[in-house]
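>>> Here you go, sequence then predicted model.
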Amino acid sequence: MNPALNDVTLDFATLDEIREAAVASLAPEVTDFLEGGAGDETTLRRNRAAFAKWALRPRVMNGLVAPSTTTTFMGLELGLPVLTAPFGVDNLFDAEGHLAVARANERAGTLSIVPEAGSFSFEAVRAASPAAAKIAQFHPLASDDNFLRILSRVEAADYEAICITCDCPTAGWRQRNLRNRYVPPLSAASGNYPPTPDSEINDVFGQLFELDAPVWSWEKLGRLLSGTSLPWMAKGILTPEDGVAAVKAGASALLVSNHGGRQLDGVISSLEALPAIRAAVGPSVEIALDSGVRTGSDIVKALALGADVVVLGRLAAYGLAAGGEAGVARVLELLKQELHSVLTLLGRGSIADLDESAVMPIEAP
Ligand SMILES: Cc1cc2nc3c(=O)[nH]c(=O)nc-3n(C[C@H](O)[C@H](O)[C@H](O)COP(=O)(O)O)c2cc1C
């Protein structure tokens, strides 16, 4: 029997049903904001198409059952090779936003990357689940002072790792939002900034995204982070050159990502970018991958091609919109069950056994 049917936490039997429930619960312009990408969305489509260009290579009759999915990433324990992404404006999807995401991660033994541009403060999300809210994400967009202030807050709140988003010096060209005349409310992104009347919010965000701030570079990022003892990951890496530069600047991990196709349209998918980045930085640098991960077999393909963990953006947001904490928990539970099924059928006893021998390139069907 399908183990998913044993579970009564929610009626959702598949991840597709969760997406459908999310879409049904959101205003059309919010769905477009969540699902859309930049430009003509070629990269958004490419993120999914890339997974179809790899087939799995099963080994049978090997005596294996009950595969192990536990691992560590940036020194943190994980029950599954999965983190949830730092997606901002989270209370558009559920009133509890990342508080609910963190609690759901705690239930699954996975971790949240908690966003700076979220609806709740780093401190509030950490308090909601100290076990899961361990990685804080912020942007090198504003002044050095603002960056260092956020860093001190994250350290004081006992976060254990940092994620720096490097691919967002300006917002992507999101045509669906333009067509809808839709701008997400800035109040939904200001959890880390003092409560601000709508009339003044542009000033607050003007400071946050200071356009005349000194230009950022790997050298400057490395210098500002050299004072922290927390490990940091560079998010938004798509080339071997940037992977090597981030490591040289002090990153202990990379998040290979094109921001879910939301930033620069026309770039390759993260899955296509992954093997060359892995080859360039070698086996000792930890690599996470996001952008287009939707199934358990996607996770297996990403790990086989060189990632250590995957990061879920829209899948987690769908869970949140469909059922708050329980919805995200259900996403993680279904993924875990599917991952177990795929690993068993693939004949791999552990995620640590996944390497290039588990996949082969094919013509997309
Ligand atoms: C609604 C939404 C808001 C996001 N906000 C941020 C953000 O504030 N900072 C950031 O680094 N990435 C942000 N992202 C990108 C995600 O962290 C992640 O890279 C992306 O969603 C992964 O692709 P996927 O959605 O296909 O899983 C956002 C994504 C979505 C869908």
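Here it is on my side, so go on. Since this is a predicted model, take the numbers as computed values, not measurements. Residues are numbered from 1 along each chain as shown.
>>> and the closest residue in space to residue 216 that isn't next to it in sequence, how many neighbours?
Distance criterion CB to CB, 6 or more residues apart in numbering; nearest residue to residue 216, sequence neighbours excluded, is residue 140 at 4.7 Å. Bear in mind the C-beta positions are built from the backbone N, C-alpha and C, glycine included. By the measure other CB atoms under 10 Å, the count of residues near residue 140 is 19.
>>> Give me the residue at the spatial middle of this structure.
Centroid-nearest residue in the chain: residue 85, 2.6 Å away (criterion: CA atoms, centre = their mean).
>>> wait, isn't that one in contact with residue 309?
No - between residue 85 and residue 309 there is no contact under CB atoms under 8 Å: 11.6 Å.
>>> hmm, back to that, helix/strand/coil for the residue nearest to residue 216?
State at residue 140, reduced to three classes by DSSP: H, G, I helix; E, B strand; the rest coil: coil.
>>> Look up how far residue 165 lies from it.
Computed with CB to CB, to the nearest Å, the distance linking residue 140 and residue 165 is 8 Å.
>>> ok, now residue 124?
In terms of CB to CB, residue 124 sits 20 Å off from residue 165.
>>> Looking at those two, which one has more neighbours?
Shown here are residue 124 and residue 165; by other CB under 10 Å, residue 165 has more neighbours (24 against 19).
>>> Contact partners for that one?
Contact partners of residue 165, counting by CB atoms under 8 Å, 6 or more residues apart in numbering, are 86, 137, 138, 139, 140, 235, 236.
>>> Looking at the residues you listed, which is nearest residue 61?
Nearest to residue 61, judged by CB to CB, of these is residue 235 at 41.3 Å.
>>> need the contact list for residue 74.
With the criterion set at CB under 8 Å, 6+ apart, residue 74 makes contact with 135, 160, 161, 231, 233, 252, 253, 286.
>>> Mind giving me the ChimeraX select for the residues you listed, buried ones only?
With 16 or more other CB atoms under 10 Å as the burial test, the buried ones among the contacts of residue 74 are selected in ChimeraX as follows:
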select :135,160,161,231,233,252,253,286
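>>> Pick out the most distant pair among the contacts of residue 74.
By the measure CB to CB, 160 and 286 form the most distant pair in the contacts of residue 74, at 13.9 Å.
>>> What sits closest to the residue in the chain positioned nearest to the ligand if chain neighbours are left out?
Nearest residue of the chain to the ligand, counting by CB to the nearest ligand atom: residue 313, 2.0 Å away. Spatial nearest neighbour of residue 313, excluding adjacent residues (CB to CB, 6+ apart): residue 85 at 3.9 Å.
>>> cool, residue 265 as well?
residue 39 (2.7 Å).
>>> At the contact with the ligand, which residues of this structure appear?
34, 47, 85-88, 115, 117, 137, 165, 235, 257, 259-260, 262, 290-293, 312-314, 317 (CB under 6 Å from any ligand atom).
>>> do that again at 5 Å, thanks
85-88, 115, 117, 165, 257, 259-260, 290-292, 313-314 (CB under 5 Å from any ligand atom).
>>> For the stretch 101-250 of the chain, which segments count as strands?
111-115, 133-138, 161-165, 232-237 (DSSP state E, counting those that start in this stretch).
>>> Kindly format the C-alpha coordinates of the second one as CSV.
So the one you mean is strand 133-138. The C-alpha trace of strand 133-138 is given here as CSV (Å, rounded to 0.1, in the frame of the first residue of the first chain):
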residue,chain,number,x,y,z
ALA,A,133,15.2,28.2,12.4
LYS,A,134,19.0,28.0,12.3
ILE,A,135,20.0,29.7,9.0
ALA,A,136,19.4,33.4,8.5
GLN,A,137,19.4,34.9,5.0
PHE,A,138,20.2,38.5,4.2
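>>> Now tell me what touches that strand from outside.
By CB under 8 Å, 6+ apart, the list of residues contacting strand 133-138 from outside reads 74, 76, 83, 86, 98, 102, 105, 111-116, 122, 125-126, 147, 150-151, 154, 157, 159-165, 233, 235.
>>> Enumerate the positions of that strand that are buried.
133, 134, 135, 136, 137, 138.
>>> now swap in the first one and tell me
Applying a neighbour-count criterion of 16+ other CB under 10 Å, the buried positions in strand 111-115 are 111, 112, 113, 114, 115.
>>> which helices and strands does it pack with?
The contact analysis (3 or more CB pairs under 8 Å, 6 or more residues apart in numbering; DSSP states H and E) places strand 111-115 against strand 82-84, helix 97-108, helix 122-128, strand 133-138.
>>> For residue 26, which non-adjacent residue is closest in space?
residue 321 (5.6 Å).
>>> SS state for that neighbour?
helix.
>>> Check it and give its pLDDT.
pLDDT for residue 321: 98.
>>> now do the one 10 residues further on
Here the pLDDT value assigned to residue 331 is 98.
>>> The one 5 residues further on now?
Model confidence at residue 336, given as pLDDT, is 97.
>>> list the contacts for it?
Counting by CB under 8 Å, 6+ apart, residue 336 touches 69, 79, 80, 108, 296.
>>> quick one: which of these has the most company?
Going by other CB under 10 Å, residue 80 tops the contacts of residue 336 with 24 neighbours.
>>> tell me the SS of it?
Once three-state DSSP is applied, residue 80 turns out coil.
>>> in the helix or strand where residue 330 lies, what counts as buried?
In this assignment (DSSP states H and E), residue 330 forms part of helix 314-346. For helix 314-346, a neighbour-count test (16+ other CB under 10 Å) marks 314-343, 346 as buried.
>>> before we move on, what about stretch 264-283?
Using 16+ other CB under 10 Å as the test for burial, stretch 264-283 gives 264-265, 267-274, 276-278, 281.
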